[in-house]
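Asker: quick one, what's the 3D model for this:
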Amino acid sequence: MEREIRRRRARDLARTLRGMMEGIAKERVDKGLSQEDVAASMGISQPAVAKLERYDANPTLSTVRRYALAVGVDLEIRVLDSPPIPVRTMHYCTPTSEPAPHDDPQSWKLLVREPAHA
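Answerer: All right, here's what the predicted structure looks like:
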């Protein structure tokens, strides 16, 4: 479960970065800037800008900042707290009602207890 939560968070972060990069690229086009114009402003080659605008690009934050500056857009980067991923949990199942059979998932509840911190 912890691994799946981490994977989901990683996908969400990648999707956010991809959306930001697509937004900057759209602004570039809307402003009539070519990849060559942006490359010259950034001090890199046009193929490097094309690579940066690909869906599978994984630029550093510094590169994203330079790209946004070259296009003439501002970035808003927010840090949001997300629920903590438990390091270790102990799971105890206890019946929630007496008459339900043990194999009925509705008759059991899962109690999650965090380990005591030393």
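Asker: quick one: the strands in the chain?
Answerer: For the chain, strands defined by DSSP state E occupy the ranges 90-95, 108-113.
Asker: ok, of those strands, where does mean pLDDT dip lowest?
Answerer: When the strands of the chain are compared by mean pLDDT, strand 108-113 comes last with a mean of 41.
Asker: show the average pLDDT along the longest helix belonging to the chain.
Answerer: Counting by DSSP state H, the longest helix found in the chain is helix 2-30. Per-residue pLDDT values over helix 2-30 give a mean of 89.
Asker: then stretch 42-56?
Answerer: Averaged across stretch 42-56, pLDDT comes to 95.
Asker: for that stretch, which outside residues touch it?
Answerer: With Cβ atoms under 8 Å, 6 or more residues apart in numbering as the test, stretch 42-56 has contacts from 18, 21, 25, 34-36, 38-39, 57, 59, 63, 66-67, 70. To be clear about C-beta, it is placed using only N, CA and C from the backbone, and glycine gets the same treatment.
Asker: swap in 6 Å and give it another go.
Answerer: With contact meaning Cβ atoms under 6 Å, 6 or more residues apart in numbering, stretch 42-56 is reached by 25, 35-36, 38-39, 59, 66, 70.
Asker: can you dump the C-alpha coordinates of that stretch into PDB?
Answerer: C-alpha atoms of stretch 42-56 as PDB (Å, rounded to 0.1, in the frame of the first residue of the first chain):
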ATOM      1  CA  MET A  42      18.500  30.400 -23.100                       C
ATOM      2  CA  GLY A  43      22.000  30.000 -24.700                       C
ATOM      3  CA  ILE A  44      21.200  26.500 -25.900                       C
ATOM      4  CA  SER A  45      20.400  24.900 -29.300                       C
ATOM      5  CA  GLN A  46      17.000  24.600 -30.900                       C
ATOM      6  CA  PRO A  47      17.100  20.800 -30.700                       C
ATOM      7  CA  ALA A  48      17.600  21.200 -26.900                       C
ATOM      8  CA  VAL A  49      14.400  23.300 -26.700                       C
ATOM      9  CA  ALA A  50      12.600  20.800 -28.800                       C
ATOM     10  CA  LYS A  51      13.700  18.000 -26.400                       C
ATOM     11  CA  LEU A  52      12.700  20.200 -23.500                       C
ATOM     12  CA  GLU A  53       9.200  20.500 -25.000                       C
ATOM     13  CA  ARG A  54       8.700  16.800 -25.500                       C
ATOM     14  CA  TYR A  55       6.100  15.000 -23.300                       C
ATOM     15  CA  ASP A  56       8.800  12.800 -21.800                       C
END
